[in-house]
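Colleague: okay, predicted coordinates and the sequence, questions at the end:
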Amino acid sequence: MRQNLATVIFASLTSAIVGGALVFGTIYFFAPVKSRVIKEEIVLDRKTERNVDDVSGFTPQEIYEKFNPAVVNVSASRSGNDFFGLRGDNEQATGSGFIVSDDGLVVTNEHVVEGAESVKVTLFDKTEFEAKVLGTDRSSDLALLQIQDYDKDIKPLKIESSADLKVGDTVYAIGNPLGLAGSMTSGIVSNVNRTIDAPNGFQIRNAIQTDAAINRGNSGGPLLNVDGKVAGVSAQIATEGGSAGNIGIAFAIPSKTVKKVFDQINDGGKVSHAWLGISGQDINKSLAEELELPVDKGALVVDVFKDSPASKAKLKGIDREGKGGDIIVKFGDDDVKSMEDLVVAIENHSVGENVKIMFYRNDELTEKNIELEERPGRDLRQS
């Protein structure tokens, strides 16, 4: 007997084009902690016994000595409001970042500098510089800064492809947890295909999970591989029981995403994300049999957002009775067997691109062309 589709869909809905959440614990964007000054001296032995470009696999001590100088403290000031909603004393939040060019470009998290009226960067040797925000991307939680009047000879960090990471690989996190400048922790890669939420509610895919001790203030700092190259950018931790501290589950934005966003901001200051404008559900064999669907793989359209490309192409989601809903099976040249496939296919296309999609409406296979648009500033499900 056919069950009510709405009950089945919404009971098992685990993936969507926009937004999403981890199913365990609480996710913290841990960078903006109230700034506190901690007096300490960092003494580095700058002598090097091996050439960093010629030798792979450094000891933890070598990782720190060679690559910590490129890690910076990022302090963002923004005006707060008093009891009456008037602008009051400045609030200050701190996080981490790292130098990626000889002229002082710095990568950090977007939520570190969100709404900042001024940004200051402090180097490993305690020198301070003003920094300009060149661009941000809330969908990937990344930002690019330019250190003003930069005059240091610090070797920038290199961004390595996170696709090379495997579960069990050793990684190192360097940053400023809780204001403790120049801290390094180590751990392993726990997984490489996690999905975490960006500040605007969209999803960051292929995030790196690690058990390296990462806490508030590490945000925006590098997660390095054993060669000292950036595999990811520390971004979030998962906790449980009301604790905001590290319990061995932390996440980094993958370097592939970091490189893509860096190139776009450095090239023109704006990051673009293609958008279809649906939420959906995986189709599997069990669901297909239960609901008597024409296929047992694909992406079922649950909801179509107003004024979205999907809406303009007249795609259909399920109705109030839980019936209907187009099942997308191909997007451009890519076969779609799940919502994950559809999301990846969309991300591989550009805004303004006209893409042919194939979908089942009832039992009939249909084709339509859809022009992709720029992703909105927030997850529309949260409005």
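Modeller: That came through fine.

Colleague: going by C-alpha atoms from here, please, whenever you check contacts or count neighbours.
Modeller: Noted.

Colleague: ok, L224 to K285 distance?
Modeller: Distance of L224 to K285, computed by CA to CA, to the nearest Å: 41 Å.

Colleague: higher neighbour count, these two?
Modeller: Higher neighbour count among L224 and K285: L224, with 25 against 12, using other CA atoms under 10 Å.

Colleague: so that one makes contact with L165?
Modeller: No: if you go by CA atoms under 8 Å, L224 and L165 don't touch, sitting 10.7 Å apart.

Colleague: right, and K330 touches V336 too?
Modeller: Yes: contact criterion CA under 8 Å: K330 and V336 qualify, at 4.9 Å.

Colleague: looking at those two, which is more packed in?
Modeller: V336 (25 against 20).

Colleague: hang on, that one packs against V344?
Modeller: No: taking contacts as CA under 8 Å, V336 lies outside contact range of V344: 9.6 Å.

Colleague: give the next helix or strand downstream of the longest helix belonging to the chain.
Modeller: Longest helix in the chain by number of residues, with DSSP state H as the criterion: helix 255-268. Sequence order places strand 274-275 as the next helix or strand after helix 255-268, per DSSP states H and E.

Colleague: contacts for that following strand?
Modeller: Here strand 274-275 makes contact (CA atoms under 8 Å, 6 or more residues apart in numbering) with P309, I346, E347, H349, S350, V351, G352, L372, E373, E374, R375.

Colleague: of these, keep whichever come out buried.
Modeller: The neighbour count (16 or more other CA atoms under 10 Å) marks P309, I346, H349, S350, V351, L372, E373, E374, R375 as buried among those.

Colleague: name the SS class of the third one, please.
Modeller: Just to be clear, that refers to H349. Look at H349: counting by DSSP: H, G, I helix; E, B strand; the rest coil, its state is coil.

Colleague: what sits closest to N354 if chain neighbours are left out?
Modeller: E371 (4.3 Å; CA to CA, 6 or more residues apart in numbering).

Colleague: and the one you found, what pLDDT?
Modeller: On pLDDT, E371 comes in at 96.

Colleague: then E160?
Modeller: pLDDT, E160: 86.

Colleague: what about N90, how many neighbours?
Modeller: 13.

Colleague: give me the distance between it and S219.
Modeller: 21 Å.

Colleague: that older thread, identify the contacts common to L224 and L165.
Modeller: A231.

Colleague: next, V189: secondary structure please.
Modeller: Strictly by three-state DSSP, V189 counts as strand.

Colleague: residues touching it, list them.
Modeller: Contacts for V189 (CA under 8 Å, 6+ apart) come out as L165, K166, V167, G168, D169, T170, V171, I208, Q209, T210, D211.

Colleague: now do the spatially closest residue to D363 that is not a sequence neighbour against G332, distance only.
Modeller: Spatially, and ignoring its direct neighbours in sequence, D363 is nearest to P294 (5.6 Å; CA to CA, 6+ apart). According to CA to CA, P294 and G332 sit 21 Å apart.

Colleague: swap in G182?
Modeller: The value you get for G182 to G332, if CA to CA is used, is 47 Å.

Colleague: with S234 instead?
Modeller: From S234 to G332 the distance is 33 Å (CA to CA).

Colleague: the two - which one has more neighbours?
Modeller: Using other CA under 10 Å, the more surrounded residue of S234 and G332 is S234, with 35 against 16.

Colleague: how many residues are close by A274?
Modeller: 20.

Colleague: OK, contacts around H273?
Modeller: E347, S350, V351, E374, R375.

Colleague: from the buried ones among the contacts of strand 274-275, which is closest to L123?
Modeller: Checking the buried ones among the contacts of strand 274-275 against L123 with CA to CA, the nearest one is R375 at 35.5 Å.

Colleague: for the closest one, which non-adjacent residue is closest in space?
Modeller: W275 (4.8 Å).

Colleague: equivalent analysis for V100, please.
Modeller: Leaving out its chain neighbours, the residue that sits closest to V100 by CA to CA, 6+ apart is P156, at 4.6 Å.
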